[in-house]
Structures are given as structure tokens and as C-alpha cells.
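Asker: give me a 3D structure for the following:
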Amino acid sequence: MNILFVASECAPFVKTGGLADVIGAVPKTLAEQGAKVRVMLPAYPALASVAQGGETVLSYDDLHGGPARLVAVSAEGLDLFLLDAPHLFDREGSIYLGPNGQDWHDNHLRYGALSQVAARVAIEGIGDWKPDLVNAHDWQAGLVPAYLKQHSGPTPPCVLTIHNIAFQGVFGPEVMGPLHLSGEHFNPEGFEYFGKVGFLKAGIAFADHISTVSPTYARELLMPEFGMGLEGILQARGHMLSGILNGIDLDIWNPEDDALLPATYSARSLKGKAVCKAELERRFAIAPNPDAPLFCVVSRLTSQKGLDLLLDCLPALVARGGRLAVLGSGQRDLEDGFIAAAQRYPGSVGTIIGYDEPLSHLMQAGSDAILIPSRFEPCGLTQLYGLRYGTLPVVARTGGLADTVIDANSAALAADCATGLQFAPITAAALDQAIDRACQLYGQPKIWAGMVRRAMRHPVGWDQSAEAYLALYQSLMPHRSE
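Answerer: Predicted coordinates:
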């Protein structure tokens, strides 16, 4: 089976979040199961050298304001189609945001172009390669199903995967002309969204199947508090909505051979984890305390992630002897809050603003527990890294967090199956109770060590999920869904 992935980012080339990790990992696992996947994404500056080594397979004299070409190339174990359009993608800094911190003014053209070219490849193929199915990811590829819908001839089935419904790609109705979108579909059953054009809504309306990144999140999307205004159309198409849990790349995230760590370790021998903890404490100027856990946060600092709740809990966390290392960036008020906390609690709280991939590995290895108090979380990957590295996740009971962490309640502890802690409702008081439970469990070394080893053995790779994706793709092959 030939499959075309269409996405705006892909690890290890360009990454702003978990979407990139998924796009970089899933095709490799699908290939092990016999599928042939090609990934189409923009040729951002980070991909310029990769594109130079490829073959031009399509050319455009004018694609929304300038020449463009599609380059076929293989790199980092992936077969890529790179949309090389310098006037759209050759920009320094964020791939989505301009220097002023706002969306690029022409994002509709940038990702409309990606969707248009992807639809052309889906219909015509490239040489002797033609996709049997297209999987479009998030709003940046949301117009792919719309362009396939507008085509008068046969097209391959298309799956839309929603990684985070909070990002929808909404633009004024004037973009329909430049993007060659049919006014026939500018209605509530199509891509019209409160008088504007919704890229993600277009994908939901016209895809043959809609998937998202965890079973619980698929159910949550049907509710007003999670559906972000799209719950109505998702309810109407609920018979073709499903959740397939994300995984992580076990070759990159493996404490037994992680070259980014000062010492490696396994579920059989945890000695190396103590070495990592000492180094993490040194990096964040945190004083050791063998009687209380070292917590960490590796996250975007946003209200979605519930980190304002953690700021409210910090005095009690420190009073219990707990320590906290924070790595992330985002909302200025939260950045300032954690910087101030590090100044207020020297030796107990350390904060580094920004993102550092090697440091994130050390934090997963050297911490005792990772805090993820998200108000909503489609799947989440940091808790999966935590499980893999024996850093017990303390998570809000929502989305993929609820699907991946087994709470250390009395029944789970008695059955020897707990791998972390969950809390609900998502409030500062409930988070504080969960932190207190973690501190109490940490004070029982035998129980804590058992949870750490179970967490490390918990399946977090892509094998089962890739099988589910492949089964979904195969179910769409005989005929298009109605």
C-alpha cells in the first residue's frame, strides 16, 4: 500500500511540537509492516540542504506568487516530497509566526499551496508511484480533502488526523479566490466557519475518515468544552471519527543507550538514573533531598498546559521538600512566574526558558516525576517519555493522559499495575493533592521502585498504533465512505 502523509513539520528536520515526532516516526513503523509512505512537507530553511540533494519531480512557474518545485529525496530513513517555494517558506525563525509573534500574513497561501500540490500528487501520482491513500495532518493540510472533493474524477481516500483542535487555520472569505476553493462548499456543511474559511473544518467535512491521537480525545471532541466550535460537525460525522493513540520513537527515546545522558540505565538496573539526577540537580542549581522527589516540567508554558495551576501549588510543593526543574517557553506571564519562583525558592526550583532537546532527555532521565496538569491534551508525548525513562507522570485525567497512565489508587497498587498518578478535576487543589500523593509514595521506596520499573516496561512504542492505522487505511480501500 502506498500512503502519502501531508504535514507541516517532521522530526528531526523541523519541529515545534509533538506533531513533528509523530510524522517522523509513524512512516518508519508502517514501512516495517509493508506500507510505502512518502511524507510531503514544506522545504523550510532547515531542509534546504536536504532538498538540494533531491530530484525535481514537479515544477510551477507561479504558485501563489513565485516559482516552486516539488523535490523527491530520502533522508533520515524517510522518503520525502519537499515543496520548495522560497517565496512562501524560506523564512528564518518560527515556521508559523513572523518576527512580531503573530501568524505570517500569508499562512493561507503557504499551507493552501501545500494542500494543492498534495492533492495533485494524490490524483496524478509521481512517476510510477501513486498513493492508494492520503493522510492529511492538522489544519495546515486540511484543504487536501477539499481539493480532492472538488476534483471531478476518481481520487484516493483521504484521512484527516487532528493532533490539536485548538489550532484550526481560520481566514477571511476573500481567500477562496486565490486558493481556488469552490463557493459551492462555503456553507455550514462544508468549510464555512462563522462566515470565514476554516482549513481544519474543510478537512473534517470532506475527509473519508477523521482520526485523532487518543480514544479519550476522540470522545472529548464531541463535547462543547473540547470541540472548540467544531463539535457540531464532528457529531454529524461521528460514525467516521476514531482515536488511535500516539507512540514514541523507541530508537531515540531509550534510557538503555541514550547518548545524551551522562549514564544509561534500564528497568533491571536503575543505578544510572541516580547519576542523571545528580547532573540534573547541578544544571538547575537544585539542592539534593533524598527524602522528597524531584519533579520536572518540559512543556510549552501556556494555560492549556495548566501550568498556572502549578504556580499556585509551588509553595506547598517546596514546603514538602519537593524540588522542581522547569524547561519551556510560551506565555510571558508564565515565563515570568517560573523565573520568579526560581528566585524565591533557590535550591528548590530551577527554571530555564527555551527549548533544548538534549536537556529534555536529561530531565526525563534525572527527574523522579514529571508534572502534566493540562486542561486538555489530545495525546501528549512527554508522559510517554516519562514512562519510558521511569519518571512517573503526574497527569490531569483528560485526553491521551487518561489513556496512557495508570493511576496509583489502592486497587492499582494492590494489583501491581500503577504507572503514575492521575487527578481530576483539573484545579490547583486537585493537582496539589496529586503532588502530595506522589511525595507520600516516594517515601515508600519499595512501592516507588516497583512503579518505576512497571512504567519503564509499559508499551509506549508505535507498533500497536501503526497496526491500527494500517487497519484503518485498509478498511477505506474497497470504496470511499459516504
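Asker: run through who's touching stretch 227-244.
Answerer: 165-166, 168, 188-189, 193-194, 198, 200-201, 204-205, 207-224, 465, 468-469, 472, 481 (CB atoms under 8 Å, 6 or more residues apart in numbering). In short, each C-beta sits where N, CA and C put it, glycine included.
Asker: take those residues and keep only those in strands.
Answerer: Counting by DSSP state E, the part of the contacts of stretch 227-244 found in strands is 193, 198, 209, 210, 211, 212.
Asker: from the contacts of stretch 227-244, list just the buried residues.
Answerer: Buried by 16 or more other CB atoms under 10 Å: 165, 168, 193, 198, 200-201, 204-205, 207-218, 220-221, 465, 469, 472, out of the contacts of stretch 227-244.
Asker: I'd like the mean pLDDT over stretch 365-375, please.
Answerer: Mean pLDDT, stretch 365-375: 98.
Asker: ok, now stretch 175-188?
Answerer: 96.
Asker: what about dumping the CA coordinates of that stretch to PDB?
Answerer: Output in PDB follows, covering the C-alpha atoms of stretch 175-188 (Å, rounded to 0.1, in the frame of the first residue of the first chain):
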ATOM      1  CA  VAL A 175      -9.100  33.700   0.400                       C
ATOM      2  CA  MET A 176     -11.400  31.500  -1.500                       C
ATOM      3  CA  GLY A 177     -10.500  33.100  -4.900                       C
ATOM      4  CA  PRO A 178      -6.700  32.900  -4.600                       C
ATOM      5  CA  LEU A 179      -7.000  29.300  -3.200                       C
ATOM      6  CA  HIS A 180      -9.400  28.200  -6.000                       C
ATOM      7  CA  LEU A 181     -11.900  26.900  -3.400                       C
ATOM      8  CA  SER A 182     -15.400  26.300  -4.800                       C
ATOM      9  CA  GLY A 183     -18.100  28.600  -3.400                       C
ATOM     10  CA  GLU A 184     -20.400  25.600  -3.600                       C
ATOM     11  CA  HIS A 185     -18.900  24.300  -0.300                       C
ATOM     12  CA  PHE A 186     -18.900  27.700   1.600                       C
ATOM     13  CA  ASN A 187     -21.700  26.600   3.900                       C
ATOM     14  CA  PRO A 188     -22.000  25.000   7.400                       C
END
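Asker: now that stretch: buried residues?
Answerer: 175, 176, 179, 181, 185, 186.
Asker: pick the one among the residues you listed closest to residue 116.
Answerer: residue 179 (7.6 Å; CB to CB).
Asker: that's a helix at the closest one, yeah?
Answerer: No. Residue 179 is assigned coil when assessed by DSSP: H, G, I helix; E, B strand; the rest coil, not a helix.
Asker: the spatially closest residue to it that is not a sequence neighbour sits in which helix or strand?
Answerer: Leaving out its chain neighbours, the residue that sits closest to residue 179 by CB to CB, 6 or more residues apart in numbering is residue 112, at 4.4 Å. Element membership of residue 112 [criterion: DSSP states H and E] is helix 107-124.
Asker: quick one: mean pLDDT over that helix.
Answerer: Helix 107-124 comes out at a mean pLDDT of 98.
Asker: what does stretch 11-22 give?
Answerer: For stretch 11-22, mean pLDDT rounds to 91.
Asker: can you offset everything so residue one is 301?
Answerer: Understood, numbering begins at 301; the last thing we discussed is stretch 311-322.
Asker: in helices only, show me the contacts of stretch 527-544.
Answerer: Secondary structure from DSSP state H places 500-501, 504-505, 515-520, 524, 765, 768-769, 772 of these in helices.
Asker: which one of those residues sits closest to residue 588?
Answerer: Looking across the ones in helices among the contacts of stretch 527-544 and measuring by CB to CB, the closest to residue 588 is residue 516, at 37.2 Å.
Asker: do you know how far that closest one is from residue 617?
Answerer: Going from residue 516 to residue 617 by CB to CB, to the nearest Å gives 27 Å.
Asker: same thing with residue 733?
Answerer: For residue 733, the distance to residue 617 - CB to CB - is 12 Å.
Asker: between these two, who's got more neighbours?
Answerer: residue 617 (26 against 15; other CB atoms under 10 Å).
Asker: kindly indicate whether that one is helix, strand or coil.
Answerer: Residue 617 - assigned by three-state DSSP - is helix.
Asker: who's in contact with it?
Answerer: Here residue 617 is in contact with 595, 624, 732, 735 (CB under 8 Å, 6+ apart).
Asker: any idea what the second one is bridged to?
Answerer: Right, residue 624. Counting by DSSP bridges, residue 624 forms beta bridges with residue 595, residue 649.
Asker: just want the phi and psi numbers for residue 720.
Answerer: Dihedral pair for residue 720: phi 180, psi -160, per degrees, to the nearest 10.
Asker: my guess is it contacts residue 684, does it?
Answerer: No. Under the criterion of CB atoms under 8 Å, residue 720 makes no contact with residue 684, lying 10.9 Å away.
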